[in-house]
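J.: Generate a structure from the sequence data that follows.
(2 chains)
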Amino acid sequence: MKILVAIKRVQDYNVKVRPKSDGSDVDIDGIKMGINPFDENALEEALRLREKDLATEITVVSIGDSKNEDVLRHGLAMGANRAILIESEEYLQPLGVAKVLKGLVEKEKPDLILLGKLALDSDAGQTGQMLAGLLNYPQGTFVSKIEIDNNKLIVTREIDGGTNILEMNMPAVLTADLRLNEPRFVKLPNLMMARKKIIEKFKVSELASDTSTQLELLEVSVPPSRKAGIKVNSVKELLEKLKDNEGIRL
Amino acid sequence: MFKVISAAKYWDGEVDLLVMGKNTENVAQNAAKIKDVSSVIRFDGDHLEHLLAEDAAKIVEMLSNNYQVILAAHSWFSRNFLPRVAAILNVSLITDVLKIENNNVYTRAIYAGNVHAKIQSKDPIQLLTIHTSLFEVCTKDGGDAKIIKKDTPPATNLTSWKSEKINKSDRPALIDAKIVISGGRSLGSEENFDKVLSPLVDKVGAALGATRSAVDAGYAPNEIQVGQTGVVVAPELYMAVGVSGANQHVYGMKDSRVVVAINNDPDATIFQFADYGLVADLFDAIPEINKLIKE
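T.: From the prediction side, this is the model:
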């Protein structure tokens, strides 16, 4: 079984991103970047399937400029067999990404495509479902458990108020929740070895003819923030403030 | 749903409601009473009982020619199938819309809520999920919509449903609760989480929430996680108990009307977002609050 894992390079989750001074976009110059955490769970799960002899080859793919080689090398250091960079100078929207990945899936013919359920930057949470829709593949989103029985995928996934379990044939697209697993730490020797590996490259135009969308970013701004209020000295004072100032009856 | 209808009214057009499921007759009849709904479009089928993304997407695709705007509440349900619809229709989906600026411009949060983006969509169909806590509830009665039963397309059979587990609770749902009390990692154990917070939660009729770190530590089920990766709430009163105030948690509660934070660390980030901060040991403070509140 071949697995394709799509990974995105995003800001570190601790970084507070700010708009550029002209409000045209966010300012991500010089901030700490890395693999999107949900994508790391997706890759970890692929590695575990290979360790159980359920997968043979794991390929990580990322779309972007040459800086994305760092997350691909991180993926190789975690244990992926191959890495593919799809070179793009522009930032693609989920629909564009899904079209490019569809082109790659048609070339590579993986049995399973794993992605994170959302990316920390755009917070869109769409790419996996879009890819499944374009390919007319079954989809399992927000997945916290994956089992394979008789060549069928059995996934536990989040629904409003609980979880459900779906079964599907492969090829299929799954998107990973953080609860799926605890990704392994990358060991330094593995990182050194990953630096020597070759990263295969494609151009966006080799995989999709049109990646444009009708979306335009007009402006980014800092949302009105909550202001810190006051400190109270006791539970009694707290309850009085809530009652008198806020009209909250507990 | 009531808040989505309010959002839909922005466009000044007819608003139709789509109902998909098994035995949807009652649901459709109730929906028809909602004010300002023109038609309730009903799809019924055994295979729609546990609605799968592939089947739901097919139905919305079938109907899409008749509509310029398609919207749903931002939930795990809509997040599952609407991106699939978008790809099939070759349009973009704008998720978690905080504000409708005009008929094709929207504000949504990016970068864990640290930045707001204003986005224009020139797609022929505006496909959206709505951040419901920021929209008003529409008038629930006085309407008299037509109910239109449509022929359900056959099951796609791409996935099959096996089982589901819904965490039943007598408490109000997080998303609707007027008061939300959330616990963080400082509770220290699953037992403490329940023992310390539950009496107060039940006394004031609140919903119980948890931070991601409390969920990851196994103190609370994931369904009650408040934050970017969980549920986003905006109650009248939000009490953060032993919560540090990580970015992704604040994203899920910062629109609450009044925020109370109780933490023994005076430098905890959560105090920057709290109207009332109490530096105290939660194991003393919570029972004391519980004692001082009258039955």
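
J.: Apart from its neighbours in sequence, what residue is nearest the residue nearest the centre of chain A?
T.: With distances taken as Cα atoms, centre = their mean, the residue of chain A nearest its centroid is A:Gly116 (3.4 Å). Nearest non-adjacent residue to A:Gly116, counting by Cβ to Cβ, 6 or more residues apart in numbering or on different chains: A:Phe38, 2.7 Å away. All C-beta spots, glycine's among them, are computed from the backbone N, C-alpha and C.

J.: What segments of the chain are helices?
T.: I'll assume chain A. Using DSSP state H, the helices of chain A run over residues A:37-51, A:69-78, A:94-108, A:127-135, A:188-196, A:204-207, A:235-244.

J.: Switch to chain B, please.
T.: Using DSSP H, helices in chain B cover B:2-8, B:25-31, B:53-63, B:76-89, B:190-203, B:212-216, B:247-250, B:282-292.

J.: For the closest residue to B:His116 other than its chain neighbours, give me its contacts.
T.: Excluding the flanking residues, the one nearest B:His116 by Cβ to Cβ, 6+ apart is A:Pro223, at 4.6 Å. By Cβ atoms under 8 Å, 6 or more residues apart in numbering or on different chains, the contact set of A:Pro223 is B:Ala109, B:Gly113, B:Asn114, B:Val115, B:His116.

J.: count of neighbours near the first one?
T.: Neighbour count for B:Ala109, taken as other Cβ atoms under 10 Å in any protein chain shown: 20.

J.: roughly how far apart are the nearest residue in space to it that is not next to it in sequence and A:Ile86?
T.: Nearest residue to B:Ala109, sequence neighbours excluded (Cβ to Cβ, 6+ apart): B:His116, at 5.8 Å. Counting by Cβ to Cβ, to the nearest Å, the gap from B:His116 to A:Ile86 is 30 Å.

J.: Counting neighbours, go ahead and name the busier of these two.
T.: A:Ile86 (24 against 19).

J.: who does that one bridge with?
T.: Following DSSP bridges, A:Ile86 is listed with bridge partners A:Ile63, A:Phe202.

J.: hang on, it packs against A:Ser205?
T.: No. With contact defined as Cβ atoms under 8 Å, A:Ile86 does not count as touching A:Ser205 (10.1 Å).

J.: Which residues does stretch A:211-222 contact?
T.: Applying Cβ under 8 Å, 6+ apart, the contact partners of stretch A:211-222 are A:18-20, A:23-26, A:88, A:92-93, A:95-97, A:99-100, A:204, B:91-92, B:94, B:105, B:110, B:114-123.

J.: picking up where we left off before, the residue nearest to B:Ala109 pairs with what?
T.: Here B:His116, judged by DSSP bridges, has bridge partners A:Ser221, B:Ala109.

J.: Next one: it, what pLDDT does it get?
T.: With respect to pLDDT, B:His116 has a value of 95.

J.: mind checking how far it is from A:Lys20?
T.: In terms of Cβ to Cβ, B:His116 sits 14 Å off from A:Lys20.

J.: likewise B:Lys168?
T.: 48 Å.

J.: neighbour count winner among these two?
T.: Using other Cβ under 10 Å as the criterion, B:Lys168 and A:Lys20 rank with A:Lys20 on top: 12 against 8.

J.: Could you find the closest non-adjacent residue to that one?
T.: Closest to A:Lys20 by Cβ to Cβ, 6+ apart is A:Asp27, at 4.5 Å.

J.: That neighbour contacts A:Gln11, doesn't it?
T.: No. Between A:Asp27 and A:Gln11 there is no contact under Cβ under 8 Å: 10.7 Å.

J.: what about those two, which has more around it?
T.: A:Gln11 (21 against 15).

J.: surely the more buried one meets A:Asp29?
T.: No. With contacts defined as Cβ under 8 Å, A:Gln11 does not count as touching A:Asp29, sitting 11.2 Å away.

J.: From chain A, how far off is B:Gly205?
T.: Computed as Cβ to the nearest Cβ, to the nearest Å, the B:Gly205 to chain A distance reads 10 Å.

J.: got a list of what the closest residue to B:Phe283 other than its chain neighbours touches?
T.: Spatial nearest neighbour of B:Phe283, chain neighbours left out: B:Val196 (6.5 Å); criterion: Cβ to Cβ, 6+ apart. Contacts for B:Val196 (Cβ under 8 Å, 6+ apart) come out as B:Gly183, B:Leu187, B:Val241, B:Leu282, B:Phe283, B:Ile286, B:Pro287.

J.: what's the answer for A:Asn190, then?
T.: A:Ala77, A:Met78, A:Gly79.

J.: Give the burial count for the second one, as a bare number.
T.: Residue neighbour count, defined by other Cβ under 10 Å, stands at 24 for A:Met78.

J.: One more: the last one?
T.: Applying other Cβ under 10 Å, we find 19 other residues in the vicinity of A:Gly79.

J.: A:Glu57 is in contact with that one, correct?
T.: No. The criterion here is Cβ under 8 Å, and A:Gly79 misses it with A:Glu57 at 11.5 Å.

J.: Which neighbouring elements make contact with the strand of greatest length in chain A?
T.: The longest strand of chain A (DSSP state E) is strand A:139-149. On a contact count with 3 or more Cβ pairs under 8 Å, 6 or more residues apart in numbering or on different chains; DSSP states H and E, strand A:139-149 meets helix A:37-51, helix A:127-135, strand A:152-159, strand A:162-169, strand A:172-176, helix B:53-63, helix B:76-89.

J.: The same query, at a cut-off of 7 Å, please.
T.: In terms of contacts (3 or more Cβ pairs under 7 Å, 6 or more residues apart in numbering or on different chains; DSSP states H and E), strand A:139-149 is packed against helix A:127-135, strand A:152-159, strand A:162-169, strand A:172-176, helix B:76-89.

J.: So A:Ala83 sits against A:Asp70, correct?
T.: No. Under the criterion of Cβ atoms under 7 Å, A:Ala83 is not in contact with A:Asp70, lying 11.0 Å apart.

J.: And stretch A:155-174, end to end?
T.: End-to-end distance for stretch A:155-174: 9 Å, by Cα to Cα, to the nearest Å.

J.: Whether that stretch contacts chain B - can you check?
T.: Yes. Using Cβ under 7 Å from any Cβ of the partner chain, stretch A:155-174 reaches chain B at A:Glu158, A:Ile159, A:Asp160, A:Gly161, A:Gly162, A:Thr163, A:Asn164, A:Ile165, A:Leu166, A:Glu167, A:Met168.

J.: circling back: next, format the helices of chain B as a markdown table and append mean pLDDT.
T.: Shown next, in a markdown table, are those (pLDDT from 0 to 100):
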| stretch | mean pLDDT |
| --- | --- |
| helix B:2-8 | 93 |
| helix B:25-31 | 96 |
| helix B:53-63 | 98 |
| helix B:76-89 | 97 |
| helix B:190-203 | 95 |
| helix B:212-216 | 93 |
| helix B:247-250 | 89 |
| helix B:282-292 | 95 |
